[in-house]
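> sequence unknown, structure follows:
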């Protein structure tokens, strides 16, 4: 009887031991307080990288708005993001990691994914967490941008939902403009800078380009279409050639961070400026730099409404 009891006890001990081993396997990776994470391979500019299938803590240098458009949990973002008026509410709980990115700050945030536009600190940051580099202009429009970041974050449903709302809004704004802007009316995007420069922007470099040309479907002058939009890059020009790139409606941002630049003031006093049809017909808009600099999907969605309202209001003013 004693021998039988001893054997039963030994059997029970073996059962408990096997259960404990099984539990340890199931919870592997949790000893440090982290749950097991499903990983997948992502093809990035730096080659194939193993990243979390559903990242929970993301740090980025320039892509805060893009990530927030698909409801990603951004815990740290580069300083530029905090000048974006369209994501102020979401940024309240996000840490400014600087520009350039402060590696120590990123480490303290314990990200499980880092998303970069610039790769100058890739080697250091990639030691903290899986890091992918998405060079500027990888995505050419809002649809491609949302799809790209929905894929990166494992949030394809969120991406589809955002684009459904975006397309609905774009259609509504186009209808609002139908009787205001003729189908052959042209729109151009320009910028003066504190360095005395004058630039013309394309459809994918901010300043409202995605909203004007892609979402609202407005036309660029033929020379801007040929020289700038088709080239995929913005272009610096001299004051003298502005008439060659002039549009029926001209949107101008004045980059003057210290309030000391006289570039735009000099332009306004020139005969070149005064002889532009857009100036004579009160179709020039001076736009706030920080409102029109961003080109993330959230910003573009808001810029659509702003631009539509501006054009309608100006048309009404010009009728008086």
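Ah, there it is. From a predicted model like this one, the values you see are computed outputs, not experimental measurements.

> all helices of the stretch 101-250 of the chain, in order?
If DSSP state H, counting those that start in this stretch is used as the criterion, the helices of the stretch 101-250 of the chain fall at 103-109, 122-125, 142-152, 156-177, 209, 222-224.

> Indicate which one of these is closest to residue 64.
helix 142-152 (10.7 Å; C-beta to C-beta). In short, each C-beta sits where N, CA and C put it, glycine included.

> hang on, the earlier thing: how about the helices of the stretch 101-250 of the chain in JSON lines, adding distance to residue 276?
Output for the helices of the stretch 101-250 of the chain, formatted as JSON lines (distance: least, C-beta to C-beta, whole Å):
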{"stretch": "helix 103-109", "distance to residue 276": "47"}
{"stretch": "helix 122-125", "distance to residue 276": "45"}
{"stretch": "helix 142-152", "distance to residue 276": "30"}
{"stretch": "helix 156-177", "distance to residue 276": "22"}
{"stretch": "helix 209", "distance to residue 276": "20"}
{"stretch": "helix 222-224", "distance to residue 276": "14"}
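
> hey, which of those helices is tucked in deepest?
Comparing those by mean neighbour count (mean count of other C-beta atoms under 10 Å), helix 209 comes out on top with a mean of 26.

> Tell me how this structure divides into domains.
For the chain, automatic domain parsing gives the domain ranges 39-136, 172-319.

> Dump these to JSON lines, plus mean pLDDT and distance to residue 166.
Formatted as JSON lines, the domains of the chain follow (pLDDT from 0 to 100; distance: least, C-beta to C-beta, whole Å):
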{"stretch": "domain 39-136", "mean pLDDT": "96", "distance to residue 166": "9"}
{"stretch": "domain 172-319", "mean pLDDT": "94", "distance to residue 166": "5"}
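
> I'd like those domains laid out as a markdown table, including distance to residue 146.
Converted to a markdown table, the domains of the chain look like this (distance: least, C-beta to C-beta, whole Å):
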| stretch | distance to residue 146 |
| --- | --- |
| domain 39-136 | 6 |
| domain 172-319 | 5 |
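
> To residue 159, which of the ones you listed lies closest?
Here domain 39-136 is closest among the domains of the chain (C-beta to C-beta), at 5.1 Å.

> now the end-to-end length of that closest one.
Taking C-alpha to C-alpha, to the nearest Å, domain 39-136 runs 26 Å from one end to the other.

> Just give me how far that domain sits from the chain centre.
Domain 39-136 has its C-alpha centroid displaced from the chain centroid by 12 Å (C-alpha atoms, centre = their mean, to the nearest Å).

> Name the SS class of residue 266, please.
helix (DSSP: H, G, I helix; E, B strand; the rest coil).

> Could you tell me how many residues sit around it?
13 (other C-beta atoms under 10 Å).

> Next, work out how far apart it and residue 192 are.
With distances taken as C-beta to C-beta, to the nearest Å, residue 266 is found 9 Å from residue 192.

> now residue 74
33 Å.

> give me the number of residues near residue 194?
Residue neighbour count, defined by other C-beta under 10 Å, stands at 16 for residue 194.

> wait, what's in contact with the nearest residue to it once chain neighbours are set aside?
Using C-beta to C-beta, 6 or more residues apart in numbering and skipping residues adjacent in sequence, the residue nearest residue 194 is residue 261, 3.8 Å away. Contact partners of residue 261, counting by C-beta atoms under 8 Å, 6 or more residues apart in numbering, are 192-196, 254-255.

> Thanks again, I'm all set now.
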